[in-house]
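# Sequence plus the predicted model coming up.
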Amino acid sequence: MLTPPEELPDCLYATQPTLIRPNTPTPKHCLPLSNLDDQKFLRFSIKYLYLFRTAVNLDAMKYALSKLLVLYYPLAGRLRTNPDHDQKLEVDCNGEGAVFAEAFMDITADQFLQLSEKPNRSWKKLLYRVEGAHTFLDVPPLVVQVTNLHFGGMILCTAINHCLCDGIGTSQFLQAWAHLTAKPDLSPPISPVHSRHLLKSGSPPQVTFPHPQFTVNKDNPHVDVLRYLQSQPLVPASLTFTHSHILHLKRRCSPSLKCTAFEALAAHTWRSWVRSLDLSPSLNIKLLFSVNVRRRVNPEIPQGYYGNGFVLGCAQTTVKDLVSANLHHGVKLVQQAKAELSDDYVRSMVDLLEDKTVKTDLSTSLVISQWAKLGLEELDFGEGKALHMGPVTSDVYCLFLPVIGDSSAVRVLVSVPERVADKFGYCMSEILDKEFNNGDEHHAVNGYHHAADNGIMKY
């Protein structure tokens, strides 16, 4: 059972992991990746964790996966470097298969649910670590572990290579897997689109816009906030913003500025993060956030495209201007960054990324990735939807996560230095307390200031 500080017990593996291969022959060829796929920033696996009340039949899951890998056959292949350009990646569609591990853990679904707001290092036990994988390229594009729990619960963890799929693509794939498991006689509702030529660079490449998301400076920057953060003891901060909380943030900008829930929450999170870190007032800081461009390019990218169809929007300003101004200022910067992402701008970015010395500028940036609104929480393999959905680990990159049972709420998860965690929580909560403390909802707003169990702060 659990031991402080909420350390998960070890997984018990009764059998060796197996390779799930496509159950009928698939095309054998090389799939070149687009420049959006091939960014060094994306050379990792997206790791999802799902908690289910009732375990799903493993044979049914494996059979459905073998059928699905016929359609999504590149995920059964292996990544490799291009023989003509060692800085570019491609997929060898060889049908070797996805790794599937089965385990048991001595914990109940309810016990895990109690600590599910705040990932810790022991959660890594829930995802099989591929033996002999010393580099990113050694890890198969798809790794799955199903861990059965006491009293019938189940945890599903997946690692899907980000160079092959973005958030929309992974959601499409996982929904199709759940669909085939629950309804094996029916085809998935969306057919996958494999070809990456839709986002091919120009010949010759033409960079026609400035792209502050990136840097070509090979030297270390004078100020590197990311390196500082990674040198500190970090703790995850998890904050749930309800529909009423988000409406309040949006009202801070109206009537002069209308904004979306994402724009308001992103600007508020960025400003709170900067305030908590006590950075130099003159420092130029950035917010990088994922934007789906499938419908922003011309021609539009068709439904079913599961490759990387997003780019990073970039808002930037000085610490002083962001912190001293109201939320309206930050929201306006986010909106301007989104408005820049035209077809010409995206094509210019794709061409810029033909230069493999270009790197995403993370030195003074907060990165926000949107996992909410992708339907990830809707997964149902036939035994009911998940009790919890989120990442396997927390990092300095911020995630906007879905809230199970409340489609209009968003959970913000980001790791911050332990010494500023309380300040970050205060900055995130303060703007809400000022309104709600004057009304009848005083007791329910902020667990950080009050003893209420239903506040937004979780530590």
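That came in fine, so what should we check first?

# Now for K62: which residues touch it?
T18, I20, F100 (C-beta atoms under 8 Å, 6 or more residues apart in numbering). Quick note: C-beta positions are derived from backbone N, CA and C, even for glycine.

# what does A409 give?
T240, F241, T242, H243, I246, V403.

# and which of these is nearest P189?
Using C-beta to C-beta, V403 comes nearest to P189 of the contacts of A409, at 24.5 Å.

# what about the strands in the stretch 101-250 of the chain?
142-150, 154-161, 214-215, 234-241 (DSSP state E, counting those that start in this stretch).

# winner for burial among those?
strand 154-161 (a mean of 24; mean count of other C-beta atoms under 10 Å).

# And the contacts of that strand?
For strand 154-161, using C-beta under 8 Å, 6+ apart, the contacting residues are 44-52, 54-56, 75, 79, 105, 109, 112, 126-127, 139, 141-149, 170, 173-174, 392.

# re the thing from before, just tell me which of the strands of the stretch 101-250 of the chain ends up closest to G307.
The nearest among these, by C-beta to C-beta, is strand 154-161 at 11.0 Å.

# Neighbouring strands of that closest one in the sheet, and parallel or not?
strand 45-52 (antiparallel), strand 142-150 (antiparallel) (DSSP bridges).

# now those in CSV, with distance to V319 and mean pLDDT?
What follows is these, written out as CSV (distance: least, C-beta to C-beta, whole Å; pLDDT from 0 to 100):
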stretch, distance to V319, mean pLDDT
strand 45-52, 31, 98
strand 142-150, 40, 98
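
# between the ones you listed, which one is nearest to D278?
Comparing the strands paired with strand 154-161 by C-beta to C-beta, strand 45-52 comes nearest, at 31.5 Å.

# Next SSE downstream of that closest one?
helix 58-71 (DSSP states H and E).

# Just after that following helix, pick out the following helix or strand.
Later in the chain than helix 58-71, the nearest helix or strand by DSSP H and E is strand 78-82.

# Averaged pLDDT, that next one. What do you get?
Mean per-residue pLDDT for strand 78-82: 96.

# quick one: strands adjacent to that strand?
Short version: by DSSP bridges, strand 78-82 pairs with strand 85-93 (antiparallel).

# what's the spacing between the strand it pairs with and its chain's center?
Averaged C-alpha coordinates place strand 85-93 at 24 Å from its chain's average position (C-alpha atoms, centre = their mean, to the nearest Å).

# Next: stretch 252-262.
For stretch 252-262, the distance to the chain centre is 25 Å (C-alpha atoms, centre = their mean).

# which residues are contacting it?
246, 250, 264, 326-328, 331-332, 335, 370, 400, 408, 410, 431.

# Return a selection command, for use in PyMOL, containing the buried ones of those residues.
Selection of buried members from the contacts of stretch 252-262 for PyMOL, criterion 16 or more other C-beta atoms under 10 Å:
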select buried, resi 246+250+264+327+328+331+332+335+370+400+410+431
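
# min pLDDT across the contacts of stretch 252-262, which one?
I431 (78).

# Specify the local secondary structure of that residue.
helix (DSSP: H, G, I helix; E, B strand; the rest coil).

# about what we covered before: make a ChimeraX selection of the buried ones in the contacts of strand 154-161.
ChimeraX command restricting these to the buried ones, with burial defined by 16+ other C-beta under 10 Å:
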select :45,46,47,48,49,50,51,52,55,56,75,79,105,109,112,126,127,139,141,142,143,144,145,146,147,148,149,170,173,174,392
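
# Send me the host helix or strand of Y345 as PDB with only the CA atoms.
Assigned by DSSP H and E, Y345 falls within helix 343-352. Only the C-alpha atoms of helix 343-352 are listed here, as PDB (Å, rounded to 0.1, in the frame of the first residue of the first chain):
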ATOM      1  CA  ASP A 343      -1.000  30.700 -43.900                       C
ATOM      2  CA  ASP A 344       2.000  32.700 -45.000                       C
ATOM      3  CA  TYR A 345       3.300  32.900 -41.500                       C
ATOM      4  CA  VAL A 346       3.000  29.100 -41.000                       C
ATOM      5  CA  ARG A 347       4.700  28.400 -44.300                       C
ATOM      6  CA  SER A 348       7.500  30.800 -43.400                       C
ATOM      7  CA  MET A 349       8.000  28.900 -40.100                       C
ATOM      8  CA  VAL A 350       8.100  25.600 -41.900                       C
ATOM      9  CA  ASP A 351      10.800  26.900 -44.200                       C
ATOM     10  CA  LEU A 352      12.700  28.300 -41.200                       C
END
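
# Sounds good, over and out.
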